[in-house]
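*Asks:* following is a predicted model, sequence given first.
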Amino acid sequence: MQTRFLLPLVGLAFLAQVNAQTPLRVAAAADLEPVLPPILEQFRLSTGIRAEATFQASAVLTTQIQNGAPFDLFLSADLGYPKRLIDAGLADAAGTADSSTPITYAKGTLVLWTRKDSHLPPPSLDLLRSPALKRLAIANPERAPYGRAAVAALTTLKLYAALKPRLVTAENISQTAQFVDSGNADAGLISLTSALTPRLTADGAWFVIPRNLYPPIEQGAVIVSNTTQRAAAHKLLDYLLSPPVQAQLAKSGLTPIH
Amino acid sequence: MDWQALALSLKLATVTTAILLAVAVPLAALLVLGRSRWLAVVEALAALPLVLPPTVLGFFLLVLLGPRTAFGRGITALLGHPLAFSFSGLVVGSVIYSLPFAVQPLVAGFASVPPSLVDAAQLLGASPARLVRTLFIPLARRSLLAAAVLSFLHTMGEFGVVLMLGGDIPGATRTLSIVLYNQVENFDYAAANRTAATLLGLSVVALAAIYLGSRSRGSRHA
């Protein structure tokens, strides 16, 4: 009888022990999936703090944080979603000059990507005007920052109306890359971070969409307010903003902030 | 309320259910009547879509139906357009995705037909087709109904496969579950509530009507 009561207690004690070493939980935008894991590993080697990332569309992560998901740090692909969390009192940028504005940690780059074995001419702005382009994949413009940038660029080029019937919309920027890498879409407006992955570098070619065609894809970070590991979260954020890591981001397809 | 998406979902569910019944009735009869050991493998394969996460199934279909496989190129040549991002592509995905929901109830229903009746009919020289028409279908009517209802509802609520294979094209691949998901993701909870309530309300009414019909017919026969 007594052991029956004791066992769960021992279990609880064990859980509490495990809890003390909980890794830092990072909610990260899908475009960081090829970029972040090696950086987190270096961070662990240099600080001893273990951090684990969950990759999702920024909007999905925002909903999860609104509903109490146990994240410590949120790395969005835009500034709007983290700002929304700040306004709801669920996240903050405490420790910086302006604690109510997300901390910009990088800028994203939009590229036009096609497979090398495609029957289409190599990617360029002219390709977007070509009638041979039957299906163009973009990320969902209502919530994926790269999708918004794609629509903005097409609108600036005055091609949006003409291309609209030929657009296929993917859930997030990784799926956009899947649509075009699988050959189902002729071309895609994807992130440079995806285009620089070994797989897509081997399969295709890309053209950097001129930056004056769309508003910058500024990526913002916030600390989730009910984190129990605020100091560690700040440490990771500072690490991301440090010059060597910023240089590394540049190699992975993100533009450093300085 | 996005009526175009509702209409599309209803059309997809109807077409899928019709195809599934046409495929699953002979398949279930074969599984129940057949003697070969290989049928165990067939039965296992028919249950397999339950194992894969729907988005993964959708991804495999995207690759399989795409221009990079001989199969995908063949289908594209046959239809004149690629299957991905089209209504027909969603039908193919839905039929595969809901296959177990049609096959399982039918196998259970057909297997519960007394073997003595089946043996007697076979002794009298009834062909398998005739067995299905005159024995299995009338005696396992509720299983047939269950297979149809499950296939229909499972397709109405289908999400992962459509998400991967559809490309969110209004009128062609933007189904109600995609609209609902978009509304939730865009923080438009009021619209999401309306869409979900419409979907649930319609389903309850339709299901109650079907079950009421089968109940009164059933009791008349009893």
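*Replies:* Arrived safely, thanks for sending.
*Asks:* how about the residues of the stretch 1-150 of chain A that lie near chain B?
*Replies:* A:57, A:59, A:60, A:63, A:135, A:137, A:140, A:142, A:143 (CB under 8 Å from any CB of the partner chain). For every residue, glycine as well, the C-beta is placed using N, CA and C.
*Asks:* now the buried members of those.
*Replies:* A:57, A:59, A:60, A:63, A:135, A:137, A:140, A:143 (16 or more other CB atoms under 10 Å in any protein chain shown).
*Asks:* contacting residues around residue B:115?
*Replies:* If you count contacts by CB atoms under 8 Å, 6 or more residues apart in numbering or on different chains, residue B:115 has none.
*Asks:* hmm, back to that, could you dump the residues of the stretch 1-150 of chain A next to chain B to TSV with secondary structure and pLDDT?
*Replies:* Output for these, formatted as TSV (DSSP: H, G, I helix; E, B strand; the rest coil; pLDDT from 0 to 100):
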residue	secondary structure	pLDDT
A:57	coil	82
A:59	helix	86
A:60	helix	84
A:63	helix	88
A:135	coil	94
A:137	strand	97
A:140	coil	91
A:142	coil	87
A:143	coil	82
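*Asks:* farthest-apart pair in the residues you listed, please.
*Replies:* Farthest pair in those (CB to CB) is A:63 and A:135. Separation: 29.3 Å.
*Asks:* quick check, nearest of the residues of the stretch 1-150 of chain A next to chain B to residue B:203?
*Replies:* Looking across these and measuring by CB to CB, the closest to residue B:203 is residue A:63, at 24.9 Å.
*Asks:* and the helices in the chain?
*Replies:* Defaulting to chain A. In chain A, the helices defined using DSSP state H lie at A:2-20, A:36-47, A:58-66, A:80-87, A:125-129, A:145-156, A:160-163, A:173-181, A:192-195, A:198-203, A:230-241, A:243-251.
*Asks:* chain B was what I was after
*Replies:* B:3-33, B:38-47, B:54-65, B:70-79, B:87-111, B:115-123, B:128-131, B:137-139, B:141-156, B:160-166, B:176-185, B:189-221.
*Asks:* how far off helix B:54-65 does the fourth one point, in degrees?
*Replies:* Same thing as helix B:70-79. For helix B:70-79 against helix B:54-65, the angle by axes from the mean of the first three to the mean of the last three CA atoms, to 10 degrees is 70 degrees.
*Asks:* and helix B:70-79, what's buried?
*Replies:* Buried residues in helix B:70-79, counted by 16+ other CB under 10 Å: B:72, B:75, B:76.
*Asks:* what about the last one, distance to chain A?
*Replies:* Same thing as residue B:76. Distance, residue B:76 to chain A, by CB to the nearest CB, to the nearest Å: 10 Å.
*Asks:* give me the residue from chain B nearest chain A.
*Replies:* Residue of chain B nearest chain A, by CB to the nearest CB: residue B:167 (3.1 Å).
*Asks:* would you check that that residue makes contact with residue B:84?
*Replies:* Yes: between residue B:167 and residue B:84 there is a contact under CB atoms under 8 Å: 7.2 Å.
*Asks:* who's more crowded, those two?
*Replies:* Legend: neighbour count by other CB atoms under 10 Å in any protein chain shown for residue B:167 and residue B:84, higher for residue B:84 (32 against 26).
*Asks:* burial measure for residue B:141, as a count.
*Replies:* 15.
*Asks:* distance check, the closest residue to it other than its chain neighbours against residue B:123.
*Replies:* Once flanking residues are discounted, residue B:141 sits nearest to residue B:214: 7.5 Å by CB to CB, 6 or more residues apart in numbering or on different chains. Noted for residue B:214: a distance of 32 Å to residue B:123, by CB to CB, to the nearest Å.
*Asks:* which of these two has more neighbours?
*Replies:* Of the pair residue B:214 and residue B:123, residue B:214 is the one with more neighbours under other CB under 10 Å, namely 16 against 8.
*Asks:* ok, residue 62 - contacts?
*Replies:* If you meant another chain, say so; for now it's chain A. So residue A:62 contacts A:74, A:76, A:81, A:82, A:84, A:85 (CB under 8 Å, 6+ apart).
*Asks:* the chain in question should be chain B.
*Replies:* By CB under 8 Å, 6+ apart, the neighbours of residue B:62 are A:178, A:179, A:182, A:184, B:84, B:164, B:165.
*Asks:* nearest to residue B:33 among the residues you listed?
*Replies:* Nearest to residue B:33 among these: residue B:165, at 34.4 Å, using CB to CB.
*Asks:* pretty sure the closest one is touching residue B:82, no?
*Replies:* No: counting by CB under 8 Å, residue B:165 stays clear of residue B:82, with 10.8 Å between them.
*Asks:* tell me, which of the helices of chain B is the model least confident about?
*Replies:* Looking over the helices of chain B, mean pLDDT reaches its minimum on helix B:189-221, with a mean of 83.
*Asks:* any idea of the angle that helix forms with helix B:3-33?
*Replies:* Going by the same axes, to 10 degrees, helix B:189-221 makes 40 degrees with helix B:3-33.
*Asks:* next, the buried residues of helix B:189-221.
*Replies:* B:191, B:192, B:195, B:196, B:198, B:199, B:214.
*Asks:* could those residues go into JSON lines alongside distance to residue B:102?
*Replies:* JSON lines is the format used below for the buried residues of helix B:189-221 (distance: CB to CB, whole Å):
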{"residue": "B:191", "distance to residue B:102": "33"}
{"residue": "B:192", "distance to residue B:102": "30"}
{"residue": "B:195", "distance to residue B:102": "27"}
{"residue": "B:196", "distance to residue B:102": "25"}
{"residue": "B:198", "distance to residue B:102": "26"}
{"residue": "B:199", "distance to residue B:102": "21"}
{"residue": "B:214", "distance to residue B:102": "17"}
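*Asks:* fine by me, we can end here.
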